[in-house]
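# This is the structure alone, sequence omitted:
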Ligand code: HEM
């Protein structure tokens, strides 16, 4: 993996300088002199590095805040200290500095939607940027593999498990969890249900069942408050801590579990998830024939069954399966849950849109007690438009996905970008661009039904694009169709009060809605 271009080869890192200094100075020199001289060396090093980054770095010609060009602490301030505030700041940066902004010493962020396909398109083979992708503590998962070719091998291995054919085979798994959601929500006739948590519980339960043929029992939790969701909420902000302070990650992941839970109590839930998943993996690795007794296929069937063309893959390890499992749970739960919350909020805020959706559903599905297949729902144009508009407003993953340009220089927006540069473009910059999506703040499914609507599809980037785009996209679409259709065909919602706060998010790779959640009193639809 080519290292990110940053330090000039002639500039050794500060620990090396300090060691050299100590070696020569320690012999008989007073400690105070060693300390003060060391401090001077460090300050001089930082000053020299900043000067290099500001005036001599290959990205010097690109505009941006000088502090961002000098140090990654600029970004850290928004990630860690403003608690997931980077994406909100990007809009300001692009309005101030234009379509290409230098957002870190070695990173450019793009604000013009045309750049998206140039960075993430089918023909690009850029590696994922290691600093971010090692911050999830799932280093062995397909998601965290930086190397393009290694990731492609892994995707080939589990791709068939998420193919459209496989999803259609297991559609009943998805539907059965949505049936539970609908019946649980009908308990909320007199009090308001937390729909944000309800959706997250549903998508978590679906992914747990689909991938591992197990239940997380989250849909049974009182008020949809479950320890696993609390653990996920507590873990997500750690991405930024791990990214900017990797030594904290090294400590927490390498000390015994009891100490990690003492140092950071919020890790308890995640450690518990790893334990549960580990027990299933141990059982399967000890006795692979136990897979035969599982009532439907799981990811383990695909990992443990040799596939043609994948004989060069390293042997399957416990750590690999564990990282993959933990990541799948994150990837498959909050992403879908959040799109459902955002879509529901906007439907409830726009009675005309909701009425149009209900009319279409009633016509296509006159007897709501009968079953309705995913394939039939896909043919409904207004429902499809509602889902696309929900994906646009929610944006899927909101943190810009960083890639390392290489192996040669490339052109993006007509500019020659040197190999080794980190480049990214956040989905919100595409989805909120007024030249593509007029009145971007308005929830308008109709925009997806106009004559030129097909040209909009390429700007719907919630699942990203190209070879490293979402591996679970078929499952996600299936869930979204079944959830929106069942919820709005079978249930009526009285939200009492709606506030934009219900969908305001902080950004921890995925959007997380903090504070007040979307609530509604729920009853059955009349017919
Ligand atoms: C609305 C729902 C979803 C959205 C918006 C979404 C979005 C995305 C995006 C934008 C990426 C690219 C991440 C990156 O480049 O770092 C991604 C990757 C991925 N997603 Fe999803 N996702 C969704 C649901 C799911 C589901 C249900 C699964 C099933 C397990 C899943 C599994 C994955 C995996 C394994 C990757 C990594 C692919 C790779 O790195 O090559 N996603 N997703």
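Thanks, I have it. Since the model is a prediction, treat every value here as computed from it, not as a measurement.
# Show me the strands in the stretch 151-300 of the chain, by range?
193-194 (DSSP state E, counting those that start in this stretch).
# Closest approach to the ligand from it, which residue is it?
Per C-beta to the nearest ligand atom, residue 151 is where the stretch 151-300 of the chain lies closest to the ligand, at 5.1 Å. Any C-beta I mention is one placed from the backbone N, CA and C, and that applies to glycine too.
# List the residues that contact the residue nearest to that residue when sequence neighbours are not counted.
Nearest residue to residue 151 in three dimensions, chain neighbours excluded: residue 145, at 4.3 Å (C-beta to C-beta, 6 or more residues apart in numbering). Each residue near residue 145 by C-beta atoms under 8 Å, 6 or more residues apart in numbering is listed here: 128, 151, 154.
# Would you reformat these as TSV and include pLDDT and distance to residue 55?
TSV is the format used below for these (pLDDT from 0 to 100; distance: C-beta to C-beta, whole Å):
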residue	pLDDT	distance to residue 55
128	97	30
151	93	37
154	89	42
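# tell me which of the residues you listed is nearest to residue 184?
Nearest to residue 184 among these: residue 154, at 36.0 Å, using C-beta to C-beta.
# pLDDT value on the residue nearest to that closest one when sequence neighbours are not counted, please?
Distance criterion C-beta to C-beta, 6+ apart; nearest residue to residue 154, sequence neighbours excluded, is residue 142 at 4.3 Å. pLDDT recorded at residue 142 is 94.
# What of the one 3 residues further on?
In the prediction, the pLDDT value recorded for residue 145 is 95.
# And the closest residue to the ligand within the chain, what's its pLDDT?
Residue nearest to the ligand within the chain: residue 472 (2.0 Å; C-beta to the nearest ligand atom). Looking at residue 472, its pLDDT is 97.
# What is the neighbour count of it?
22 (other C-beta atoms under 10 Å).
# from memory it sits against residue 331, does it?
Yes: look at residue 472 against residue 331 with C-beta atoms under 8 Å: they come within range, at 6.1 Å.
# which parts of the stretch 151-300 of the chain sit against the ligand?
Selection of the stretch 151-300 of the chain residues close to the ligand by C-beta under 6 Å from any ligand atom yields 151, 155, 207.
# Surely residue 467 forms part of a strand?
No: Residue 467 is assigned coil when assessed by DSSP: H, G, I helix; E, B strand; the rest coil, not a strand.
# quick one: contacts for the residue of the chain closest to the ligand?
Here residue 472 is in contact with 162, 328, 331, 332 (C-beta under 8 Å, 6+ apart).
# 7 Å instead?
Listed by C-beta atoms under 7 Å, 6 or more residues apart in numbering, the contact partners of residue 472 are 162, 331, 332.
# how close does the second one sit to residue 90?
By that I understand residue 331. Separation of residue 331 from residue 90 (C-beta to C-beta, to the nearest Å) stands at 23 Å.
# for the last one, same thing?
Spatial separation of residue 332 from residue 90 under the definition C-beta to C-beta is 26 Å.
# Next: the first one.
Distance of residue 162 to residue 90, computed by C-beta to C-beta: 30 Å.
# returning to what we had before: mind listing the shared neighbours of residue 472 and residue 331?
In terms of C-beta under 7 Å, 6+ apart, residue 472 and residue 331 are not both contacted by any residue.
# which residues are contacting stretch 401-421?
Here stretch 401-421 has contacts from 2, 4-5, 58-59, 99-100, 106-108, 110, 112, 114-115, 118-119, 126-129, 132, 422-424, 464, using C-beta under 7 Å, 6+ apart.
# repeat for stretch 329-338
Counting by C-beta under 7 Å, 6+ apart, 143, 199-200, 203-204, 207-208, 232, 394, 396-397, 472, 475-476, 479-480, 510-511 sit against stretch 329-338.
# what are the bridge partners for the closest residue in space to residue 93 that isn't next to it in sequence, then?
Spatial nearest neighbour of residue 93, excluding adjacent residues (C-beta to C-beta, 6+ apart): residue 101 at 4.8 Å. Judged by DSSP bridges, the bridge partners of residue 101 are residue 109.
# so what's residue 101 scoring on pLDDT?
Predicted confidence (pLDDT) for residue 101: 98.
# isn't it right next to residue 64, touching?
Yes: using C-beta atoms under 7 Å, residue 101 makes contact with residue 64 at a distance of 4.6 Å.
# got any residues that touch both of these two?
Between them, residue 101 and residue 64 share the contacting residues residue 93, judged by C-beta under 7 Å, 6+ apart.
# hmm, back to that, want to throw the contacts of residue 472 into TSV with pLDDT and distance to residue 212?
Below are these laid out as TSV (pLDDT from 0 to 100; distance: C-beta to C-beta, whole Å):
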residue	pLDDT	distance to residue 212
162	96	14
331	90	14
332	91	11
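# Give me the subset of those lying in helices.
331, 332 (DSSP state H).
# quick one on the thing from earlier: show me which of the contacts of stretch 401-421 neighbour the ligand.
When these are filtered against the ligand using C-beta under 6 Å from any ligand atom, the residues retained are residue 464.
# which of the contacts of stretch 401-421 count as buried?
Neighbour counting by 16 or more other C-beta atoms under 10 Å classes 4-5, 59, 99-100, 106-108, 110, 112, 115, 118-119, 126-129, 132, 422-424, 464 among these as buried.
# what's the burial count for residue 230?
13.
# repeat for residue 196
The burial count for residue 196: 25, using other C-beta under 10 Å.
# need the contact list for it.
341, 513, 517, 518.
# Then residue 328?
Here residue 328 is in contact with 207, 211, 299 (C-beta under 7 Å, 6+ apart).
# So among these, which ones count as buried?
Buried among the contacts of residue 328 (16+ other C-beta under 10 Å): 207, 211, 299.
# check contacts around the last one.
Shown in contact with residue 299 (C-beta under 7 Å, 6+ apart): 158, 161, 211, 324, 328.
# residues near residue 130, how many?
Neighbour tally, residue 130, other C-beta under 10 Å: 18.
# what number of residues lie near the residue lying closest to it once chain neighbours are set aside?
Of all residues not flanking residue 130 in the chain, residue 146 sits nearest, at 5.2 Å (C-beta to C-beta, 6+ apart). By other C-beta under 10 Å, the residues close to residue 146 number 18.
# just checking, residue 146 touches residue 128?
Yes: counting by C-beta under 7 Å, residue 146 does reach residue 128; the two are 4.6 Å apart.
# what residues are up against residue 136?
144, 239.
# pLDDT weak spots in the stretch 201-350 of the chain?
266-267, 269-270, 306-312 (pLDDT under 70).
# ok, 80 please
253-254, 256-273, 305-315 (pLDDT under 80).
# show me where it has helices.
227-235, 238-244, 246-254, 257-263, 267-286, 299-304, 318-349 (DSSP state H, counting those that start in this stretch).
# among those, which is the most enclosed?
helix 318-349 (a mean of 23; mean count of other C-beta atoms under 10 Å).
# what angle do it and helix 227-235 make?
Computed with axes from the mean of the first three to the mean of the last three C-alpha atoms, to 10 degrees, the direction of helix 318-349 lies at 90 degrees from that of helix 227-235.
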